[in-house]
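from the sequence below, what's the structure:
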Amino acid sequence: MRVVVLTGAGISAESGVPTFRDSDGLWEGHRAEDVATPEAFEYQPAVVQRFYDARRAALADVEPNPAHLALARLERALGDDLLVVTQNVDDLHERAGSQHVLHMHGELLSALCVGCRARSRWTEDLGDHPPCPRCGSAELRPDIVWFGEVPYQMDRIVAALQRCDLFVSIGTSGAVYPAAGFVQSAVTYGARTLELNLLPSEGSHFFDESRRGPAGVLVPAWVDELLTTVR
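This next block holds a predicted model:
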């Protein structure tokens, strides 16, 4: 069985990771236009760097929860037949033990060089203009896909959706494209679809089945259920 799992902010929120976009539409008190667009970085780079430096540092205060751990357990059983596509920019999937993780919106623990486009593992602040490890240019920015930019590895994601037997969405709003359209693609290619969400998403009606509750409860139960069918 080939499985594609999409995870969103809801799974990390249960570990204490703040969701960027609050109910009032602000990103932790900032307008998206001020911290999450290429234009914001061009006009006020110091503000943008401070915002992401704080998010990066905050990762030290959170840990994977039972949902992350359950997906890692599923990967150990399915191997290459499981792909986790995450909209999250934290490293909680990896710390839980997952290896087949695709960060379509980038990663806090990575820096992107504006000059040479190299992506480098990064754990320190970027606000003091450190040099790029590859080219030496002091043009590093957060390796985050901002509004108006193309998510990473879309070709690989589409190929996985075309081949999968089951598509599962966990903790997503169903409002951010292109990820919100993955369920429709999976249905078109013949996959069964399942949503695991605390609340109904904007795309709940596209799924074959939707289950409501905390990810830390729903995901381990679903993994146990799935493993009984593939053993």
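
what sits against Q153?
Residues in contact with Q153 (C-beta atoms under 8 Å, 6 or more residues apart in numbering) are 102, 104. From N, CA and C alone the C-beta is placed, and that goes for glycine too.

for it, phi and psi?
Backbone torsions for Q153, taken as degrees, to the nearest 10, come to phi 60, psi 40.

could you do G106 as well?
Reported as degrees, to the nearest 10, the phi and psi values for G106 are phi 90, psi -170.

that one contacts V150, doesn't it?
No: in terms of C-beta atoms under 8 Å, G106 does not count as a neighbour of V150; the distance is 11.2 Å.

output the lowest mean pLDDT helix or strand found in the chain.
helix 32-35 (a mean of 80; mean pLDDT, DSSP states H and E).

how far off centre is that helix?
19 Å (C-alpha atoms, centre = their mean, to the nearest Å).

mind checking the SS state of S210?
Put simply, S210 is strand when judged by DSSP: H, G, I helix; E, B strand; the rest coil.

same question, F41
Classified using three-state DSSP, F41 is helix.

and if you look at D125?
coil.

quick one, grab the pLDDT at the residue nearest to it when sequence neighbours are not counted.
Counting by C-beta to C-beta, 6 or more residues apart in numbering, D53 is the residue found nearest to D125 once chain neighbours are left out, at 4.4 Å. Note on D53: pLDDT of 95.

am I right that D53 is in contact with T123?
No: if you go by C-beta under 8 Å, D53 and T123 don't touch, sitting 10.8 Å apart.

more crowded one of the two?
Higher neighbour count among D53 and T123: D53, with 17 against 13, using other C-beta atoms under 10 Å.

relative to R212, how far out is that one?
Applying C-beta to C-beta, to the nearest Å, the value for D53 to R212 is 36 Å.

near A70, how many other residues are there?
A70: 24 neighbours (other C-beta under 10 Å).

for E195, that is, sorry about that
Neighbourhood size, E195 [other C-beta under 10 Å]: 26.

brilliant, that's me finished.
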